[in-house]
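S.K.: The sequence and its predicted three-dimensional model are supplied below.
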Amino acid sequence: MADSENTGAALLLMDLMPLTVPAFGGDDALLGRLADAAAAARAHGVAVVHVRVAFRPGYPELGARNKIFAAATSALDFTEANPDTGVHPLVGVRPEDLVVTKRRVSAFAGSDLDMLLRARGVHILVLAGVTTSGVVLSTLRQAADLDYGLVVLADGCADPDDEVHRLLLAKVFPAHADVLTTADWAASLGG
């Protein structure tokens with residue numbers, strides 16, 4: 001992407017929270033790559049958007065039939081007041097970054113993400129986060145239906161199931177997105 005095209009792009013760093021990264025397959029190496037990707041994005045005019053998942057005390061947003069969050073919230077504290085639902089400090093939030101709180105798996109569900117992106121003229125999304133089979137997949141599908149151009153950072157995603165992670169990156173995501181490494185994507189920003 002040339003610098004003039006970068007203003008229409010946003011890097012979505014999703015569910016990179018102290019609560020989720022170690023629990024769902026992420027590590028410090030992943031966070032380091034994504035901190036570098038965020039720095040490259042900012043340097044080239046790409047918006048950086050941090051997406052976190054959090055709920056009010058008592059989880060009033062969750063229905064009794066929601067299996068994914070029923071399991072997760074019984075084991076982990078996903079309330080807004082828990083500091084571990086904030087953006088992971090190894091990735092870091094800069095003043096110019098946007099932080100979005102979502103209430104479901106997709107970054108769009110229960111958030112104002114689409115409105116923020118459209119207000120900024122964003123039409124290309126670069127996706128990364130934890131988990132590949134959760135927030136990345138759900139956001140990719142919804143973003144494709146909303147006609148966003150898509151890039152997935154292959155080494156910027158993690159999942160507790162390595163087989164599912166590899167299958168999504170190799171077979172599912174390429175039908176909707178360019179799948180690149182963080183280094184290749186960052187190198188494309190100045191071209």
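M.R.: It's in. Numbers count the residues shown, from 1 in each chain.

S.K.: centre of the chain versus the longest helix seen in the chain, how much separation?
M.R.: Identified as the longest helix of the chain according to DSSP state H is helix 28-43. Centroid displacement of helix 28-43 relative to its chain, using Cα atoms, centre = their mean, to the nearest Å, is 13 Å.

S.K.: tell me which residues in that helix are buried?
M.R.: For helix 28-43, the neighbour count (16 or more other Cβ atoms under 10 Å) marks 30, 31, 33, 34, 35, 37, 38, 40, 41 as buried. In short, each C-beta sits where N, CA and C put it, glycine included.

S.K.: Could I get the contacting residues of the closest residue to residue 33 other than its chain neighbours?
M.R.: Spatial nearest neighbour of residue 33, chain neighbours left out: residue 182 (4.7 Å); criterion: Cβ to Cβ, 6 or more residues apart in numbering. Going by Cβ atoms under 8 Å, 6 or more residues apart in numbering, residue 182 touches 33, 34, 36, 37, 128, 153, 155, 156.

S.K.: Okay, now the unreliable bits of the protein?
M.R.: For the chain, the stretches with pLDDT under 70 are 1-6, 191.

S.K.: Could you look up the SS state of the residue lying farthest from the centre of the chain?
M.R.: Each residue of the chain has a distance to the centre, and by Cα atoms, centre = their mean the biggest one is for residue 64: 25.7 Å. Secondary structure, DSSP: H, G, I helix; E, B strand; the rest coil: residue 64 is coil.

S.K.: Against residue 73, how distant is it?
M.R.: 12 Å (Cβ to Cβ, to the nearest Å).

S.K.: Need the overlap of contacts for these two.
M.R.: Contacts common to residue 64 and residue 73, judged by Cβ under 8 Å, 6+ apart, are absent.

S.K.: ok, longest strand in the chain?
M.R.: As assigned by DSSP state E, the longest strand anywhere in the chain is strand 149-158.

S.K.: Helices of the chain, start to end?
M.R.: Under DSSP H, the chain gives helices at 3-6, 28-43, 67-75, 113-119, 137-145, 162-167, 182-188.

S.K.: can I get those helices in TSV with distance to residue 90?
M.R.: Formatted as TSV, the helices of the chain follow (distance: least, Cβ to Cβ, whole Å):
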stretch	distance to residue 90
helix 3-6	24
helix 28-43	4
helix 67-75	22
helix 113-119	23
helix 137-145	21
helix 162-167	21
helix 182-188	14
